[in-house]
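Chemist: Give me a model of this one.
(one chain, ligands or ions: 1)
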Amino acid sequence: MNELINRINSSASLDELDKIRVELFGKKGLITSEFAKLKSIPADEKKAFADELNKRRDVFNEAILAKKTELDFIELKARMKAESIDVTLFDESRDIGALHPVMSTMDNIIEYFLAQNFSIETGPLIEDDFHNFEALNLPKYHPARDMQDTFYINDKRLLRTHTSPVQIRTMENSKPPIRMICPGAVFRRDMDLTHTPMFHQVEGLVVDDGNGVSFANLKHILEDFLRYMFGDVKVRFRPSFFPFTEPSTEVDISCIFCKGKGCRVCSHTGWLEVLGSGEVDPNVFKHVGYKNVSGYAFGLGVERFAMLLYGVPDLRSLFEGDLRLLEQFK
Ligand code: PHE
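Modeler: Model prediction:
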């Protein structure tokens with residue numbers, strides 16, 4: 001008996017302890033087989049035999065339980081040590097984010113115009129009819145409103161379809177000279193390879209007294225800007241129409257993929273359309289009460305620039321938040 005107690009007390013693991021428990025209390029265990037003898041023991045000796053056996057059983061049980069508690073605790077301590085985390089440890093493998101390609105393109109555009117002394121203006125994303133259309137020489141029922149696939153909130157409010165309303169807001173709140181850009185999100189009901197319902201524009205507006213701001217000024221700054229963005233490209237001004245500029249032009253650059261020879265991206269024309277611009281229409285000045293001034297304005301789509309600069313084939317992929325795409329811009 002002492003030897004067994006010694007073995008219990010000196011067992012080094014829960015496994016070892018369990019083996020001893022089976023030796024004692026298992027089907028063929030020592031204590032179990034002693035109890036089995038009770039059947040064949042004469043009635044008058046039974047009580048004494050059973051008392052003695054119960055005592056032994058209790059001694060063994062107590063010893064096993066005590067040892068088990070001790071070993072459990074040791075094991076717990078070892079596990080806690082093994083699984084502990086040093087929260088102060090510096091993890092070299094941490095992922096750092098990257099600027100979204102649309103945002104880095106926007107930053108690049110902003111940087112150019114800041115260097116040319118333009119201020120940065122902003123305006124509300126939810127606009128009213130007056131600022132988004134009316135004041136920009138797009139009266140109600142004017143067919144040019146069909147150019148804009150507008151998200152209306154109600155009769156009066158809508159999500160701005162371009163950044164041009166910020167031209168109006170800036171002129172309402174300040175006097176010439178004005179030299180501003182407005183970067184920001186705009187919204188149109190459109191969704192395909194080259195359109196998403198939300199995208200970004202950068203608007204530009206320059207206004208000064210008298211006839212000081214000419215088409216030549218507009219042409220000069222846009223040519224310089226486009227070469228800053230796209231490198232050594234040809235720039236061409238094509239007559240076009242916008243209700244808020246007169247004359248209006250769309251601006252193309254020679255295709256940066258085929259160098260103007262003609263490819264799929266430029267629809268084999270050799271040219272890529274990148275901007276809308278023109279001299280500010282006198283009707284726009286009338287709406288904000290400006291007299292004896294001249295000016296030019298331009299607007300561009302930031303996603304269009306990003307697509308060309310980074311060779312993104314499907315514009316929608318820019319807004320899916322897929323890390324496999326975004327990680328390429330680190
Ligand atoms: N607002 C026009 C558009 O969204 C772009 C533009 C701005 C054209 C300023 C001319 C002058 O298409």
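Chemist: can you give me the helices for the stretch 51-200 of the chain?
Modeler: Counting by DSSP state H, counting those that start in this stretch, residue ranges of the helices within the stretch 51-200 of the chain are 101-115, 129-132, 165-173.
Chemist: which residues of the stretch 51-200 of the chain score low on pLDDT?
Modeler: 147-148 (pLDDT under 70).
Chemist: Which positions in it make contact with the ligand?
Modeler: Residues of the stretch 51-200 of the chain lying close to the ligand by C-beta under 6 Å from any ligand atom are 162, 164. (Glycine included, C-beta is placed from N, CA and C.)
Chemist: Find the closest residue to the ligand in the stretch 51-200 of the chain.
Modeler: Residue nearest to the ligand within the stretch 51-200 of the chain: residue 162 (3.3 Å; C-beta to the nearest ligand atom).
Chemist: And for residue 12, the neighbour number?
Modeler: Using other C-beta atoms under 10 Å, residue 12 is surrounded by 9 other residues.
Chemist: Pull up the pairing partners for the longest strand seen in the chain, direction included.
Modeler: In the chain, with assignment by DSSP state E, the single longest strand is strand 198-209. As defined by DSSP bridges, the strand partners of strand 198-209 come to strand 178-187 (antiparallel), strand 293-301 (antiparallel).
Chemist: among the ones you listed, which is the most enclosed?
Modeler: strand 293-301 (a mean of 23; mean count of other C-beta atoms under 10 Å).
Chemist: Dig out what residue 185 forms beta bridges with.
Modeler: Beta-bridge partners, per DSSP bridges, of residue 185: residue 200.
Chemist: re earlier: just put the strands paired with strand 198-209 in TSV and tack on distance to residue 168.
Modeler: Output for the strands paired with strand 198-209, formatted as TSV (distance: least, C-beta to C-beta, whole Å):
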stretch	distance to residue 168
strand 178-187	11
strand 293-301	11
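Chemist: re the thing from before, return the distance of the residue of the stretch 51-200 of the chain closest to the ligand relative to residue 133.
Modeler: 10 Å (C-beta to C-beta, to the nearest Å).
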